[in-house]
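> Okay, sequence plus prediction incoming.
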Amino acid sequence: MCKKSSVCVIHHGHPANIPHYVASSELIDQYSGKTKTTTHSSRRDSEAATPRVLSRTFLLLGEQGLHIKRLAHLPRCTRDLNPDPLWMFQPRPCGCKGQRTCLLCEKEMGEQVMPSWVTQSQKEHAIVYCPECDLAWPGWDTNTWKCHPNHQGEGTVFPGVKIIQNFISEEEERTLMDSIDEVPWDLSQSGRRKQNYGPKCNFKKRRVRCNTFSGYPAFTKYIQNRFASVDILHSFQTVEQCSLEYSPERGASIDPHIDDCWIWGERIPTLSLLLDSTLTLRKFNGPETKYNLLDRKTYPSQVGEDGSVKGYDTLSKDYAKLQTQTDNMQAADSAEEKYSSLMTQPTRCSMPDVVRVPMPRRSLLVLYGPPRYDWEHGILREDIPSRRVCITYRELTPTYLPCGPKAEVGEAILQAGKVFWDHRSYYSLDQEGTVVT
């Protein structure tokens, strides 16, 4: 079972009344996906007419387990103006919300720096991927890959990672960054800023809208064109392009996650700029209901076990086989066996819980296969010593491609993704990159 918790506060009319805290817990069965919600009150019904003073605390259930947060940790002005602990669950001026925090809001809340989501034991047993030999070697410091071929210890095969060094030149990086910084940045969570281009997706309701998707800035077109020279990106069609900025002054990071599997396809390319950094992968042991992982059973893999990219004809045949297997499926417990011939399965071999993947400056990293679906990926604060910018690209799942059942919806998104526009005209900028009023 996986457990989620939420908190709400009931205010009473008289100002002398102390807020009454009510918490609800939601149990999620990782096999059936069914939920059961239970409400817990801070006092019995018989006490409803006689409020008593309670400790002003509330609970958060996050990656590190259950935390007790005291309202005294909130800044005095916030406590005076809004003593409601639900303030934590609202978007904050820094861009964070919920359990996500950056150095700015942690300072405002009077908290200590949030602990790392990687334990000391996991650090001691981690392995580092080497882009030169495509093996992972014992260690935590990502720079150890640079000692190739003089690695220490035993190498581990870790398929599903492709790193192309110097994907763009130094001059291209300078020009690209000049143009990126002319475009307005939007605040994001955990100290990041972003520039996002793509359809609007609601991953919970599984809805997508492309009426506001108008394409990408023209200064990035050559990057997408260059994907054609990468074998693992054969027939890749970009439908989302997201620039992210990581700043050490804001304590920028990104929590471990798996990109949504309902609409985003298998291959995830990321171009790293300004800084050598590290992507930290952690084994995912949660329910398949998370990240829409169950959707993987509804479409074939886009990359074969040998690393070759499947064309539409092959995907169509795999879809037909998949449909036949689905129709003949008699019991849910046999589903994994029935899909095994078409689906990328979780890694079963003995392997450390954490893999460190280097992201050299100006390199292109592509995740696919097991690292895409079986491992959460994130970026730790300690791996951002100076400003870093990256551009991540996403494609559609086969469900929305011409071979899939929702090809019509996908076609509208694909057509919008073929448009490139001049960013100066789009954002009404003058030659200095200033907004013209």
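Looks like it arrived, so ask away.
> need the helices for the chain, in chain order.
For the chain, applying DSSP state H gives helices covering 76-81, 103-108, 120-124, 170-180, 221-226, 312-328, 335-339, 370-373, 407-416, 423-426.
> Those helices: which one's closest to Leu273?
Closest approach to Leu273 among the helices of the chain is made by helix 170-180 (5.8 Å; CB to CB). Where you see a C-beta, it was placed from the backbone N, CA and C, and this is true even at glycine.
> Can I get that closest one in CSV, CA atoms only?
Coordinates of each C-alpha in helix 170-180 appear next as CSV, following Å, rounded to 0.1, in the frame of the first residue of the first chain:
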residue,chain,number,x,y,z
GLU,A,170,31.2,26.7,-27.8
GLU,A,171,30.1,29.5,-30.2
GLU,A,172,26.7,27.9,-30.7
GLU,A,173,26.3,27.7,-26.9
ARG,A,174,27.1,31.4,-26.5
THR,A,175,24.7,32.4,-29.2
LEU,A,176,22.0,30.1,-27.9
MET,A,177,22.3,31.4,-24.3
ASP,A,178,22.1,35.0,-25.6
SER,A,179,18.8,34.3,-27.3
ILE,A,180,17.5,32.2,-24.4
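> what is the mean pLDDT for it?
Here helix 170-180 scores 98 as its mean pLDDT.
> Comparing the helices of the chain, which yields the minimum mean pLDDT?
Looking at the helices of the chain, the lowest mean pLDDT belongs to helix 76-81 (a mean of 38).
> the bottom helix or strand of the protein by mean pLDDT?
helix 76-81 (a mean of 38; mean pLDDT, DSSP states H and E).
> circling back: tell me which of the helices of the chain is the most buried.
helix 370-373 (a mean of 22; mean count of other CB atoms under 10 Å).
> From the chain's centroid, how far away is it?
13 Å (CA atoms, centre = their mean, to the nearest Å).
> for stretch 315-326, same thing?
The offset between the C-alpha centroid of stretch 315-326 and the centroid of the whole chain comes to 29 Å, using CA atoms, centre = their mean.
> just stretch 237-255 next, same as before
The answer for stretch 237-255 is 10 Å, by CA atoms, centre = their mean.
> Mind listing what's buried along it?
237-248, 250-255 (16 or more other CB atoms under 10 Å).
> Please apply the same query to stretch 370-388.
370-381, 383-384, 388.
> sorry, back to before: how about the helices of the chain in JSON lines, adding distance to Met359?
Formatted as JSON lines, the helices of the chain follow (distance: least, CB to CB, whole Å):
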{"stretch": "helix 76-81", "distance to Met359": "37"}
{"stretch": "helix 103-108", "distance to Met359": "22"}
{"stretch": "helix 120-124", "distance to Met359": "18"}
{"stretch": "helix 170-180", "distance to Met359": "14"}
{"stretch": "helix 221-226", "distance to Met359": "16"}
{"stretch": "helix 312-328", "distance to Met359": "30"}
{"stretch": "helix 335-339", "distance to Met359": "32"}
{"stretch": "helix 370-373", "distance to Met359": "13"}
{"stretch": "helix 407-416", "distance to Met359": "27"}
{"stretch": "helix 423-426", "distance to Met359": "25"}
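> out of those, nearest to Gly95?
Using CB to CB, the helices of the chain put helix 103-108 closest to Gly95, at 8.8 Å.
> Quick one: list the elements packing against that closest one.
Applying 3 or more CB pairs under 8 Å, 6 or more residues apart in numbering; DSSP states H and E, we find helix 103-108 packed against no helix or strand.
> and that helix, C-alpha only, in CSV?
What follows is helix 103-108, C-alpha atoms only, in CSV (Å, rounded to 0.1, in the frame of the first residue of the first chain):
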residue,chain,number,x,y,z
LEU,A,103,16.4,28.3,-0.3
LEU,A,104,14.2,31.4,-0.5
CYS,A,105,11.1,29.8,1.0
GLU,A,106,13.1,27.7,3.4
LYS,A,107,14.6,30.9,4.8
GLU,A,108,11.1,32.5,5.0
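> what sits against Lys418?
Counting by CB atoms under 8 Å, 6 or more residues apart in numbering, Lys418 touches Gly215.
> Hmm, I typed the wrong one, I wanted His377.
His377 touches 256-258, 279-282, 357, 367, 371, counting by CB under 8 Å, 6+ apart.
> and what of His151?
By CB under 8 Å, 6+ apart, the contact set of His151 is 130, 133, 135, 137, 144.
> Reformat those residues as CSV; add distance to Asp178.
Formatted as CSV, the contacts of His151 follow (distance: CB to CB, whole Å):
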residue, distance to Asp178
Cys130, 33
Cys133, 36
Leu135, 37
Trp137, 37
Thr144, 33
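> Touching, Thr298 and Thr399? I think so.
Yes - in terms of CB atoms under 8 Å, Thr298 counts as a neighbour of Thr399; the distance is 6.8 Å.
> tell me the domain boundaries of this protein?
Here the domain assignment for the chain is 2-90, 123-328+338-426, based on automatic domain parsing.
> Of those, flag the one that's most buried.
Of the domains of the chain, the one with the most neighbours on average (mean count of other CB under 10 Å) is domain 123-328+338-426, at a mean of 18.
> From start to finish, how long is that domain in a straight line?
One end of domain 123-328+338-426 to the other measures 46 Å (CA to CA, to the nearest Å).
> Ok, stretch 352-370 next?
Start to finish, the residues bounding stretch 352-370 are 14 Å apart (CA to CA).
> low pLDDT regions in the stretch 101-250 of the chain?
111-114 (pLDDT under 70).
> thought Cys261 was touching Tyr373?
Yes - applying CB under 8 Å, one finds Cys261 in contact with Tyr373, separated by 6.9 Å.
> Now for those two: what residues contact both?
Common contacts of Cys261 and Tyr373, defined by CB under 8 Å, 6+ apart, comprise 293, 296.
> residues in contact with the residue lying closest to Gly198 once chain neighbours are set aside?
Distance criterion CB to CB, 6 or more residues apart in numbering; nearest residue to Gly198, sequence neighbours excluded, is Glu240 at 3.1 Å. Shown in contact with Glu240 (CB under 8 Å, 6+ apart): 196-199, 264, 393-394.
> how about 10 Å then?
By CB atoms under 10 Å, 6 or more residues apart in numbering, the residues touching Glu240 are 196-199, 201, 213, 216, 259, 263-264, 392-396, 413, 417.
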